[in-house]
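Enquirer: dropping a prediction and its sequence here:
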Amino acid sequence: MKYLALILFSFLLFAACVQEEIVEEVYEGPATEKAVVVIHPTEGNEASGVVTFTQTDEGVRVQAEVSGLGSETLHGFHVHEYGDCRDSAAMSAGGHFNPTDMPHGGPTDTERHMGDLGNLPANEDGIATLDFIDNHLQLNGKHSIIGYAVIVHERRDDLQSQPVGDAGGRIGCGIIGVANPDF
C-alpha cells in the first residue's frame, strides 16, 4: 500500500509539472506585433475611430484617431477588463483592466491600472489624435491586452479619482484584436 501511495504521488507530481509547461506554452505562442481596435459609438453618441497598438523596443506605441467627440476637449481613454461592448452603454466592458491591482492613475505614473491610457485631446471639430509609447501595456504574455475593450469616455479623466478618474459615461467602445500586418 505504501508503494502504491508513492507511485500515485509521483504520478500526480509529474502531471502537475506537465500541465504547467503546457500553460506556459499557451502564453509563449506567436508574438503579436500589432493590435487594432475599431471604436463604435454607444447608444446616443457619435464617437468612432481606430486605435492601434504596436510593439516597439521602448514599449507599446498607442496611436489613436477618434471623431464624434463633441465639445469636450479631453476624453478619458482606457483599456477595460472585458472584451464586451454588447451593452448599449458599454457597461458590459466592466472596469479598467487592472491585473496587478494598482490604484488608478495617469499613463506616466509608476503605479496605475495597466489600462489607464489618460485622455484623448479633441480639437474644436471633436476629432482627437494621439501617439505615445506606453511602458505598462503588453501585447503578449499573461497580461496581454488582446481581446479586451477600449472605452472612450464623455469627459476628461482627472488621473486621480479612484477607482476610474471621474470620466463619466462611455461614448465609444471597441475590442482589441490582432492586426493584419499588411495594413
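Expert: Arrived safely, thanks for sending.

Enquirer: in the helix or strand harbouring T54, which residues are buried?
Expert: Per DSSP states H and E, T54 falls inside strand 48-55. Neighbour-count burial for strand 48-55 flags S48, G49, V51, T52, F53, T54, Q55 (criterion: 16 or more other CB atoms under 10 Å). (C-beta placed from N, C-alpha, C; glycine too.)

Enquirer: possible to save those residues as CSV with pLDDT and distance to S144?
Expert: As requested, the buried residues of strand 48-55 are exported to CSV (pLDDT from 0 to 100; distance: CB to CB, whole Å):
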residue, pLDDT, distance to S144
S48, 98, 25
G49, 98, 22
V51, 98, 16
T52, 97, 15
F53, 97, 10
T54, 96, 14
Q55, 96, 11
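
Enquirer: contact partners of the strand holding T54?
Expert: Residues outside strand 48-55 that contact it (CB atoms under 8 Å, 6 or more residues apart in numbering) are 31-41, 60-68, 128, 137, 139-140, 145, 150, 172, 174, 176, 179.

Enquirer: among these, name the buried ones.
Expert: Those of these that meet the buried threshold are 32, 34-37, 39, 41, 60-62, 64-68, 128, 137, 139-140, 145, 150, 172, 174, 176, 179, by 16+ other CB under 10 Å.

Enquirer: contacts only, for the residue positioned nearest the centre of the chain.
Expert: The structure's the chain has its C-alpha centroid closest to V79; by CA atoms, centre = their mean the separation is 3.2 Å. By CB under 8 Å, 6+ apart, the residues touching V79 are H96, F97, M114, G115, L117, L137, I145, Y148, A149, V150, I151, I176.

Enquirer: I'd like the next helix or strand past the one helix or strand it maps to.
Expert: V79 is part of strand 74-80 when elements are defined by DSSP H and E. Sequence order places strand 116-121 as the next helix or strand after strand 74-80, per DSSP H and E.
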